[in-house]
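*Asks:* Sequence and predicted model, in that order:
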Amino acid sequence: MTAKKNSLKNGLFLIFLFSCFALFSCKLKAEQHSLVSQFATVDILIADEQFKLALKELKKIEKKSYDSWSCIGVFKRYSKLSEDGFAENLLKKSLKKNANNKELLAVYTSFLIGKERFDEACKIGEKLHDSKYASLYSEALLKYEKSVNLDQKKSDYYTNQKYYPIFFEAYKTNRNPVWLKNCAAFYLNRGMFENAALLLPETFADADDAYFWAMVLFDAGKFKDAINTIEVSKKLLNDYQNRQIFNVTEIKQVALESDAFLVLSDLESAEKERANLIKKLDSVTAKDSLDEQLLPILALNSAIYAENAQNMDDAADLLFFTVTHWPDYVPALILYADFAYTSNLERDESEEMQSLRRAGLATLEMERYDNRRKIPLSDAIYRMDEALKKTNDPYLNIARLDLRYKTETRLNDSDKTADLWRMLEDNITEDSKYHVLLVEYALSFLLKTGQFEDAFNLFTKYLYNSFEYNAKEDFWVQTENLLPLLDEKFAEFAAWFASYYKDDDEAFRMYEYCVYESGGILASGLISPFVSTYSCMNLADMYFSVGKKNKALDLYGKAAGRESSARIRSEIFYRLACIHISLGDTKSALRSIDYSASIYPDNARAQLLKSKLQLQQ
């Protein structure tokens, strides 16, 4: 009987508890419903500009605000009424009750940032670590640093070690791509390109975001990944009708992608990208100065590709298009003049050809040659002179002088040499130094005409005038240490002179710098985009001379892949054939020499070696 009574009591107690809980729950829902209604009333009063009544109602609601979201609702409306004092007091009181509430901390941190009270924002926001609001703390900390270090440069944020974890923490919590780009910029500024590439996100926010990471991948030497990422950027850009909202443009995308293909020695794909853009150039608008710089470069690269592929009509059309649209673009004017000169040269013909001409006959090949596309020399000279009046560009001055030397046959080497020295003296810079471009041209001319001692004297004079040398230390070792400070072309001259004067150790080091390091991309075995093919060939030849035949084969192969000139590629494959012969690999030698002879039939050495190898079969 007693057990029954106890059981009954317990049952009644449980019913009472459940009833109380249900009543409390209903009361809470009613209060929440009431708060929503009251907030709506306040919003109406604010909209009707009845600010005093709205403030009065808010103070009543504040007394009933127990949870964080209610407090934040009241805070927002205080802020709308510009009652910052009430708003801040509310947050302070709420945080006393719940000091670790992330939402309240985030709202207060944001409030303090808005009031430029960055030191207080840092203290409040510190608890937002590892929360979805961590970016607010990062923002507060960066703005505080800037406010106390007024002389601090913006770039410091991307170079100072202490900011990196702030950026990365912010990215982890809110996935805003800007923070991850800041992390990448930290590595890029330090030349740590591979580290920057490791931060590559799985997805991209938009076309600009994808393009940024494509550039990071390019700098890291991950060219295939860069191409894939540019394709993503293209798709994201094409998905928008209003493309003006993005910084990236089709011009920038094509320029980067074609460069990536070029480094991979895929010349055809690079040209395909450029050609697709050039076809619709009339409908493409440059968005900014970078686009304006890239367009003539893309058009000129296509002209070079066409000329190297012996498509002279296409080359002439592209060159004329480029110099017409960009009349002061120096590289195009130089190539236009060079095309004009070579297209007007008459070749030496065999006795058989001359006999046919005397008889009024011609072969199909002779007819094609006679009908070849020509650019008038007078037009090229006029365009160069007009551009020089505006720019006085040193490159263009050199090219104009070079054209004069080619066309005025009465000038001998002595006349040209004297002319060069006058030009150098007339163009001394304000700090009494020769302009490096003019020096490089003079060095090329002096070496071509066999004036090696004068060339070396000019080379050393330029270095001594430009840098400090210690007379007690080795000249070549000091020059090697200066390589990163030298113009890429001048660095190649340094390597050549070191080789010529038999300083083999320094020559090796200098050529390896030019070939593999001068572009800033230090990926193993990757050739610098700035180095000339001739320097690659010289280094490969040096490898062969010391018995490093496999390294020579590898470098010659890479050099051939990046070179578009049929004549130079023919010479490379001739040298590859010679190495294969030295290794006893006649099959590979035949394959190389056959290709060498086919792509440039005028290579007499290749034709002779091909005949010899075929006779041995």
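*Replies:* All right, it came through fine.
*Asks:* Backbone dihedrals for residue 221, please?
*Replies:* phi 80, psi 10 (degrees, to the nearest 10).
*Asks:* The chain should start at 6 in everything you say after this.
*Replies:* Taking 6 as the first residue, the last one we looked at is residue 226.
*Asks:* Make sure it is actually in contact with residue 531.
*Replies:* Yes. With contact defined as CB atoms under 8 Å, residue 226 counts as touching residue 531 (5.5 Å). Where you see a C-beta, it was placed from the backbone N, CA and C, and this is true even at glycine.
*Asks:* Report the buried residues of stretch 594-607.
*Replies:* 594-595, 597-602, 604-605 (16 or more other CB atoms under 10 Å).
*Asks:* Give the rounded mean pLDDT of it.
*Replies:* Stretch 594-607 comes out with an average pLDDT of 93.
*Asks:* for residue 556, what are its contacts?
*Replies:* For residue 556, the contacting residues are 545, 548, by CB atoms under 8 Å, 6 or more residues apart in numbering.
*Asks:* How about the host helix or strand of it, which residues are buried there?
*Replies:* Assigned by DSSP states H and E, residue 556 falls within helix 554-567. Buried positions in helix 554-567, judged by neighbour count with 16+ other CB under 10 Å: 554, 556-558, 560-561, 563-565, 567.
*Asks:* Ok, stretch 494-508 next?
*Replies:* So, applying 16+ other CB under 10 Å, buried residues of stretch 494-508: 494-504, 508.
*Asks:* residue closest to the middle of this structure?
*Replies:* residue 220 (4.9 Å; CA atoms, centre = their mean).
*Asks:* Apart from its neighbours in sequence, what residue is nearest it?
*Replies:* Spatial nearest neighbour of residue 220, excluding adjacent residues (CB to CB, 6 or more residues apart in numbering): residue 261 at 6.6 Å.
*Asks:* And residue 398, by the same measure?
*Replies:* Leaving aside its sequence neighbours, residue 398 sits nearest to residue 335 (CB to CB, 6+ apart; 5.0 Å).
*Asks:* who are the neighbours in contact with that neighbour?
*Replies:* Per CB under 8 Å, 6+ apart, neighbours of residue 335: 392, 396, 398, 400-401, 404.
*Asks:* Just the buried ones from the residues you listed?
*Replies:* 392, 398, 401, 404.
*Asks:* The third one touches residue 392, doesn't it?
*Replies:* Yes. The pair residue 401 / residue 392 is scored as a contact, 6.0 Å apart, by CB under 8 Å.
*Asks:* Identify the contacts common to the two.
*Replies:* 335, 338.
*Asks:* With pLDDT and distance to residue 57 added, can I get the buried residues of helix 554-567 in CSV?
*Replies:* CSV is the format used below for the buried residues of helix 554-567 (pLDDT from 0 to 100; distance: CB to CB, whole Å):
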residue, pLDDT, distance to residue 57
554, 94, 93
556, 93, 86
557, 94, 89
558, 95, 89
560, 94, 83
561, 95, 87
563, 91, 80
564, 92, 82
565, 91, 84
567, 84, 77
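*Asks:* Hmm, residue 390 is touching residue 405, no?
*Replies:* Yes. The criterion here is CB under 8 Å, and residue 390 meets it with residue 405 at 7.3 Å.
*Asks:* The two: which is more packed in?
*Replies:* Legend: neighbour count by other CB atoms under 10 Å for residue 390 and residue 405, higher for residue 405 (20 against 11).
*Asks:* In contact with the more buried one, which residues?
*Replies:* 342, 386, 389-390, 393 are the contacts of residue 405 under CB under 8 Å, 6+ apart.
*Asks:* Okay, it and residue 448: tell me how far apart.
*Replies:* Distance, residue 405 to residue 448, by CB to CB, to the nearest Å: 18 Å.
*Asks:* what about residue 401, distance to residue 135?
*Replies:* Taking CB to CB, one finds residue 401 at 59 Å from residue 135.
*Asks:* And for residue 65?
*Replies:* 37 Å.
*Asks:* before we move on, what about residue 210?
*Replies:* Separation of residue 210 from residue 135 (CB to CB): 23 Å.
*Asks:* Regarding residue 64, what is its secondary structure?
*Replies:* Counting by DSSP: H, G, I helix; E, B strand; the rest coil, the backbone at residue 64 sits in helix.
*Asks:* Just give the nearest non-adjacent residue to it, would you?
*Replies:* Using CB to CB, 6+ apart and skipping residues adjacent in sequence, the residue nearest residue 64 is residue 91, 7.8 Å away.
*Asks:* Contacts for the strand or helix carrying the one you found, please.
*Replies:* Residue 91 belongs to helix 89-102 when elements are defined using DSSP H and E. Here helix 89-102 makes contact (CB under 8 Å, 6+ apart) with 60, 63-64, 67, 70, 73, 76, 79-80, 83-84, 106, 109-110, 112-113, 116, 120.
*Asks:* go with 10 Å
*Replies:* 60, 63-64, 67, 70-73, 75-77, 79-86, 88, 106, 108-110, 112-114, 116-117, 119-120, 129, 132 (CB atoms under 10 Å, 6 or more residues apart in numbering).
*Asks:* Looking at those, which are in helices?
*Replies:* Residues of the contacts of helix 89-102 located in helices (DSSP state H): 60, 63-64, 67, 73, 75-77, 79-85, 108-110, 112-114, 116-117, 119, 129.
*Asks:* Just the buried ones from the residues you listed?
*Replies:* Here, 16+ other CB under 10 Å leaves 60, 63, 67, 73, 75-77, 79-80, 82-85, 108-110, 112-114, 116-117, 129 buried among those.
*Asks:* quick one: residue 61 and residue 43 touch, right?
*Replies:* No. Look at residue 61 against residue 43 with CB atoms under 10 Å: they stay out of range, at 11.6 Å.
*Asks:* So which of the two has more stuff around it?
*Replies:* Between residue 61 and residue 43, counted using other CB under 10 Å, the more crowded position is residue 43 (17 against 12).
*Asks:* can you list the weak-confidence ranges in the protein?
*Replies:* Within the chain, the ranges that satisfy pLDDT under 70 run 6-38, 154-168, 178-179, 434-437, 525-529.
*Asks:* What ranges does it have for its strands?
*Replies:* With DSSP state E, there are no strands along the chain.
*Asks:* Surely residue 358 is in contact with residue 371?
*Replies:* Yes. Between residue 358 and residue 371 there is a contact under CB under 10 Å: 6.4 Å.
*Asks:* Give the residue from these two that has the larger number of neighbours.
*Replies:* residue 358 (17 against 14).
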